[in-house]
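[1] everything below, folded, please.
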Amino acid sequence: MPRRARIDAPGALHHVICRGIERSKIFWEDSDRDDFLKRLETIFDMTKTLCYAWALMPNHFHLLLRTGNIPIAGVMRQLLSGYAGKANRVHRRSGHLFQNRFKSILCQEAPYLLELVRYIHLNPLRAKPVATLTELNRYRYSGHCALMGNRPNDWQATDAVLRFFGKSVPRARRQYRHSVAQGICLGRRPELIGGGLIRSLGGWSAVKSMRRFREHGKSDERILGDSDFVQSVSSAQDEQLKTRYRLHSQGYDFRYALGRVAELTGLETAQILKPGKQPARVYARSLLCHWAIRSLGMTSVAVSKLLGISQSSVTRAANRGEAIAAADSLNLVETHNA
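    This next block holds a predicted model:
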């Protein structure tokens, strides 16, 4: 069965889990972890990705992220490829370091953000790199340490998390620590990372209750949320896919999009394809990137090769193009009023 496409959008909340291949080690020494964290800082700053929680374990890691100006897949591609290359050189190994595909779960924010912050930050205590909550308060390789004020991380959204627990920082930290302490007895929480229906509905008790009353819930293993949230995300995704299939079946492709942009802007196609920062060319290339990615379903990698610019530049251009198309009421397919 083919793998299902990732679900993402600017501002989306994701729980990301990545494991070593065959569950082998990905961090051997503190220097490996420190290198990984420096890469996080650089990439998060460059892409405006927010990180609410994180934990590094010997053979896997967890991140709780909000999508910035490039998709989470692009963030992870840069992070994993850069770190794996250096780790292989330093430790004189070859081949894949990570499993081929990291897990990315789109999360409903209201009920799950704080649950996931607590769950992720308790990983070192559950897996025993630390033995007590007091040790966890100072453990360098979990975001809990930063929330407790013991290791500042400019790239971690500590203020955003603490605001949920109190107006003053000291009170917020006390309330947050109390919440984490209460979570210790909850154990591994498989419903937060497990499979579709059970995760989306909140555990076996919810599933059994629905079965008792002959109700059926919408589920998707890529989504953590209640049935209504899953339904709304899935419906939007399905509608987007239907539009893309319809456009492809009718012969609309990158060449058509390029011609359409040329028609609307008065530029030659060669001018649009040629890099440059002139306002008219930026306008045209932004529209082209938006329609290529959002309407035709092309990847930012494919578009970057056609335009001779970086993947992150393509994503930023697509975001600009989306705003331009909305403001100027422009469509990829010309519509005719009756």
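[2] tell me where the stretch 201-338 of the chain has strands.
    Along the stretch 201-338 of the chain, counting by DSSP state E, counting those that start in this stretch, strands occupy 223-224.
[3] where do the helices sit along it?
    204-212, 227-249, 254-265, 269-273, 279-290, 300-307, 311-328 (DSSP state H, counting those that start in this stretch).
[4] which of those helices has the lowest mean pLDDT?
    Comparing mean pLDDT across the helices of the stretch 201-338 of the chain, the lowest value falls on helix 204-212: a mean of 41.
[5] tell me which residue lies nearest the centroid of this structure.
    Centre of the chain computed as the mean C-alpha position; nearest residue by CA atoms, centre = their mean is residue 72, 3.3 Å away.
[6] next, that one: phi, psi?
    Note on residue 72: its backbone torsions stand at phi -60, psi -40 [degrees, to the nearest 10].
[7] direction included, what does the helix or strand where residue 19 lies pair up with?
    Here residue 19 sits within strand 13-19, counting by DSSP states H and E. The pairing partners recorded for strand 13-19 under DSSP bridges are strand 60-66 (antiparallel), strand 103-107 (antiparallel).
[8] do you know which of these lies nearest residue 88?
    strand 60-66 (17.3 Å; CB to CB). For every residue, glycine as well, the C-beta is placed using N, CA and C.
[9] quick one: mean pLDDT over that closest one.
    For strand 60-66, mean pLDDT rounds to 95.
[10] quick one: it to chain centroid distance?
    Chain-centre distance of strand 60-66: 9 Å, with CA atoms, centre = their mean, to the nearest Å.
[11] contact partners of that strand?
    With contacts defined as CB atoms under 8 Å, 6 or more residues apart in numbering, strand 60-66 is touched by 11-20, 23, 26, 36, 49-55, 72, 75, 107, 113, 116-117, 120, 123, 157.
[12] switch to 6 Å and redo it
    Applying CB atoms under 6 Å, 6 or more residues apart in numbering, the external contacts of strand 60-66 come out as 13-19, 49-55, 116, 120.
[13] widest-spaced pair of those residues?
    The farthest-apart pair in the contacts of strand 60-66, when distances are taken by CB to CB, is 19 and 50, at 23.2 Å.
[14] pass me the low-pLDDT residue ranges in the stretch 101-250 of the chain, would you?
    Counting by pLDDT under 70, the stretch 101-250 of the chain has low-confidence residues at 187, 190-191, 193-250.
[15] mind redoing it with 50?
    194-220, 233-234, 236-241 (pLDDT under 50).
[16] mean neighbour count, the strands paired with strand 13-19: which tops it?
    Most buried of the strands paired with strand 13-19, by mean neighbour count (mean count of other CB atoms under 10 Å): strand 60-66, with a mean of 23.
[17] next secondary structure after that strand?
    helix 72-90.
[18] a strand runs through residue 134, doesn't it?
    No - using DSSP: H, G, I helix; E, B strand; the rest coil, the secondary structure at residue 134 is helix, not a strand.
[19] give me the neighbour count for it.
    8 (other CB atoms under 10 Å).
[20] hmm, back to that, I'd say the residue nearest to the centre of the chain and residue 14 touch.
    Yes - using CB atoms under 6 Å, residue 72 is in contact with residue 14, at 5.2 Å.
[21] what do these two both touch?
    In contact with both residue 72 and residue 14: residue 104, using CB under 6 Å, 6+ apart.
[22] got the strands paired with strand 13-19 as TSV, with distance to residue 314 columns?
    Below are these laid out as TSV (distance: least, CB to CB, whole Å):
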stretch	distance to residue 314
strand 60-66	20
strand 103-107	20
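[23] how about the ones you listed, which one is nearest residue 172?
    Residue 172 sits nearest to strand 60-66 of all these, at 17.7 Å, using CB to CB.
[24] of the contacts of strand 60-66, just say which sits nearest to residue 279.
    residue 49 (28.2 Å).
[25] show me the contacts for the nearest residue to the closest one once chain neighbours are set aside.
    Nearest residue to residue 49 in three dimensions, chain neighbours excluded: residue 68, at 4.0 Å (CB to CB, 6 or more residues apart in numbering). Contact analysis of residue 68 by CB under 6 Å, 6+ apart lists 47-49.
[26] got phi/psi on residue 68?
    According to degrees, to the nearest 10, residue 68 has phi -100, psi -130.
[27] returning to what we had before: for the contacts of residue 68, pick the one with the most neighbours.
    Among these, the one with the most neighbours (other CB under 10 Å) is residue 49, at 23 neighbours.
[28] for that residue, phi and psi?
    phi -90, psi 130.
[29] repeat that for the one 10 residues further on.
    Geometry field for residue 59 lists phi and psi as phi -120, psi 10, criterion degrees, to the nearest 10.
[30] hmm, it is touching residue 20, no?
    Yes - contact criterion CB under 6 Å: residue 59 and residue 20 qualify, at 4.5 Å.
[31] overlap of the contact sets of these two?
    Common neighbours of residue 59 and residue 20 (CB under 6 Å, 6+ apart) are residue 26.
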